[in-house]
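J.: Structure for this input, please:
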Amino acid sequence: MTQKNIAVPLPRRKGRNRGEASEGQLAFWLLLPAALLLCGVLLFPMVTTIRDSFFFNKLTEPFNGQPFVGLKNYAQMFADPRFGTSLRNTLFFAVLTVGGSFLIGIPMALAAHTPSKVRGLARVALLLPWAMPPVMTGLIFAWLFNAQYGVFNDIIVRLGIVQEPLLWLSTPGLAVLAMVVTIVWKTSSFVALIVLGGLQGIPRELTEASEVDGASRVQSFFRIILPLLAPSLAVAFIFRSISAVQVFDIPYTFIQQAPAQGLLETLGVYIYRTSIEFLDFGYAATLSVALFAVSLAVTAVYVRFVRDGAST
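T.: From the prediction side, this is the model:
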């Protein structure tokens, strides 16, 4: 007689399920302090700011208990010409400075990555602007662009480009140019650092193989290196765009030196003046919500771009 093979179900390993549950509980308790800290640092101020935007809270007015005004602050914001001007200035400076930081940052990263005699100097020049505080950068460049004592005027006069010193901070167009140059000098190093990290992760064998096949360095850069740098460039773009929309330090220091304040006032500076100088905290909260919405829109465009790129 032949015995039939009877499949006997194996018992479940309950210990493994308990282990998985315990690991999940351990991860929850480990992440809980960080989540609470994040809520306290980011979520609570954001909710409080949105709440304050629906109330009237101006310290220069007689105290009346901060009454609820609904959407009155938002209606005032959309009717405020200064808000429109500061928003246009913010977007204008964002486009110019983000583009300029990439035009300067990518060559800086290539100079710091390519083996040469100046690579060490390029890396030092790359770190210096990034490490300098923004307020100090604004003050230094405000003195460099000074009409009487500025270094830039001294250079262009000695070279014969102009006959008399330029009034950089008193002429509207020149003041805008000076501030754009300052912000690009400060932020291009951030782009260069991220791009340099991306360059360090590209295998050298790929460029060497392209050179063996007869491709020039320019062709290797545009056909091999640049496509592989797309993730690093995307990260640099989103961070630079958000910081450009929220820029405050350099425009504020320039405004203290420049008579053409209307062309240099960004939305961040206007929020500061509304809250600290005008003591209108309710309206300042409304402007802060608008700034947050602009930053969120920039992030949404970035996420949509990355999603479309990943799908293709």
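
J.: residue nearest the centroid of the chain?
T.: Nearest residue to the geometric centre of the chain (Cα atoms, centre = their mean): residue 243, 2.5 Å.

J.: For it, give me its contacts.
T.: If you count contacts by Cβ atoms under 8 Å, 6 or more residues apart in numbering, residue 243 has them with residue 187. (C-beta placed from N, C-alpha, C; glycine too.)

J.: Tell me how many other residues crowd residue 222.
T.: Around residue 222 there are 12 other residues, counting by other Cβ atoms under 10 Å.

J.: Same check on residue 179?
T.: For residue 179, the number of neighbouring residues by other Cβ under 10 Å comes to 31.

J.: where does residue 148 land in three-state SS?
T.: coil (DSSP: H, G, I helix; E, B strand; the rest coil).

J.: pretty sure it is touching residue 164, no?
T.: No. Using Cβ atoms under 8 Å, residue 148 is not in contact with residue 164, being 11.4 Å away.

J.: Spell out the residue ranges of the helices in the stretch 1-150 of the chain.
T.: Here the stretch 1-150 of the chain has its helices, by DSSP state H, counting those that start in this stretch, at 14-38, 44-52, 72-79, 81-113, 119-131, 134-144.

J.: in whichever strand or helix holds the residue nearest to the centre of the chain, what's buried?
T.: Element membership for residue 243, per DSSP states H and E: helix 230-245. Buried residues in helix 230-245, counted by 16 or more other Cβ atoms under 10 Å: 232-233, 235-238, 240-245.

J.: As a markdown table, those residues with distance to residue 142 would be great.
T.: Shown next, in a markdown table, are these (distance: Cβ to Cβ, whole Å):
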| residue | distance to residue 142 |
| --- | --- |
| 232 | 33 |
| 233 | 31 |
| 235 | 31 |
| 236 | 27 |
| 237 | 28 |
| 238 | 29 |
| 240 | 23 |
| 241 | 25 |
| 242 | 25 |
| 243 | 20 |
| 244 | 19 |
| 245 | 22 |
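
J.: out of these, who's nearest residue 251?
T.: Nearest to residue 251 among the buried residues of helix 230-245 is residue 244, at 11.0 Å by Cβ to Cβ.

J.: surely that closest one meets residue 92?
T.: No. Contact criterion Cβ under 8 Å: residue 244 and residue 92 do not qualify, at 10.3 Å.

J.: where in this structure is pLDDT low?
T.: The chain contains residues with pLDDT under 70 at 1-21, 63-64, 258-261, 306-312.

J.: 80 - rerun?
T.: Scanning the chain for pLDDT under 80 picks out the ranges 1-24, 60-66, 115-120, 122, 204-222, 257-263, 301-312.

J.: The closest residue to residue 76 other than its chain neighbours: how many residues sit nearby?
T.: Leaving aside its sequence neighbours, residue 76 sits nearest to residue 283 (Cβ to Cβ, 6 or more residues apart in numbering; 6.5 Å). Neighbour count of residue 283, defined by other Cβ under 10 Å: 24.

J.: Am I right that residue 283 is in contact with residue 59?
T.: No. The criterion here is Cβ under 8 Å, and residue 283 misses it with residue 59 at 11.8 Å.

J.: Make sure residue 287 is actually in contact with residue 77.
T.: Yes. Using Cβ under 8 Å, residue 287 is in contact with residue 77, at 6.5 Å.

J.: Return every residue with contacts to both of the two.
T.: Counting by Cβ under 8 Å, 6+ apart, the common neighbours of residue 287 and residue 77 are residue 83.

J.: Of the two, give the one with the bigger neighbour count.
T.: Taking other Cβ under 10 Å, residue 287 and residue 77 do not tie; residue 287 has more neighbours (27 against 19).

J.: Name all residues that make contact with that one.
T.: Residue 287 touches 77, 83, 267, 270-271, 274, counting by Cβ under 8 Å, 6+ apart.

J.: Give me the angle between the strand or helix carrying it and helix 72-79.
T.: Counting by DSSP H and E, the element that carries residue 287 is helix 281-311. Inter-element angle recorded for helix 281-311 and helix 72-79: 70 degrees (by axes from the mean of the first three to the mean of the last three Cα atoms, to 10 degrees).
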